[in-house]
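Asker: The sequence and its predicted three-dimensional model are supplied below.
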Amino acid sequence: MAPLVLRVVLGGLFVWHGIDKFDAGIDMVEQMFTMWGVPAPGPAAVLTAIIEIVAGAMLVFGAATRAAATLLGIVMIGAIVYVKADLGIISSEPMPGAELDLALLAGLVALVFLGPGPLSVDDKVGLEPSARSLPDDPAPSKQPSLAGR
């Protein structure tokens, strides 16, 4: 159940943030990226928003979960390096520190290691079958004992 909760909450938050980048105006996001020193701020703004929406939706449904979590993890590392590094973990500035970014990154890393869980597209299509959906192990084979020799 834990992977499902992580996937839906994290994926939903990323979809929301990606849509918000387009709603706020991708030009404004590009200006912020320029101010923060993000390389190629125009393409980076569009790519970041698209990754957040598409990979976030993939997490919600549990489709290519490990790949989606990895892509979003790269986005979060970029946010920490370019936006939050000067602020620290807890900030007294008007902009929050990196605490939320680190929490999101930790959840994404957990999904990379845990996988999607049984209630996922990955499980249903056999990409990442859960332990519950795997066939039972066949009876151990009877091998001759070497103890009597």
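Answerer: Great, that's in hand.
Asker: the strands in this protein, which residues?
Answerer: Using DSSP state E, no strands are assigned anywhere in the chain.
Asker: Point out where it drops to low pLDDT.
Answerer: 130-149 (pLDDT under 70).
Asker: Quick check: nearest residue in space to Val9, chain neighbours excluded?
Answerer: Nearest residue to Val9 in three dimensions, chain neighbours excluded: Gly107, at 7.7 Å (CB to CB, 6 or more residues apart in numbering). Bear in mind the C-beta positions are built from the backbone N, C-alpha and C, glycine included.
Asker: now the spatially most central residue of the chain: how far from Ala63?
Answerer: Nearest residue to the geometric centre of the chain (CA atoms, centre = their mean): Ala69, 2.5 Å. Distance of Ala69 to Ala63, given as CB to CB, to the nearest Å: 11 Å.
Asker: Please apply the same query to Pro43.
Answerer: In terms of CB to CB, Pro43 sits 25 Å off from Ala63.
Asker: same check, this time on Asp122
Answerer: 6 Å.
Asker: Which one's more surrounded, these two?
Answerer: Using other CB atoms under 10 Å as the criterion, Asp122 and Ala63 rank with Asp122 on top: 24 against 19.
Asker: export stretch 112-125 as CSV, just CAs?
Answerer: Presented in CSV, the C-alpha positions along stretch 112-125 are these (Å, rounded to 0.1, in the frame of the first residue of the first chain):
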residue,chain,number,x,y,z
VAL,A,112,12.8,3.8,-7.4
PHE,A,113,13.8,1.2,-4.8
LEU,A,114,10.3,0.0,-3.8
GLY,A,115,8.8,-0.1,-7.3
PRO,A,116,5.2,0.6,-8.2
GLY,A,117,3.5,-1.9,-5.9
PRO,A,118,0.6,-4.3,-6.8
LEU,A,119,-2.0,-1.6,-7.6
SER,A,120,-0.3,-0.3,-10.7
VAL,A,121,-0.2,-0.4,-14.5
ASP,A,122,3.3,-1.8,-14.2
ASP,A,123,2.0,-4.8,-12.2
LYS,A,124,-1.0,-5.4,-14.4
VAL,A,125,1.0,-5.5,-17.7
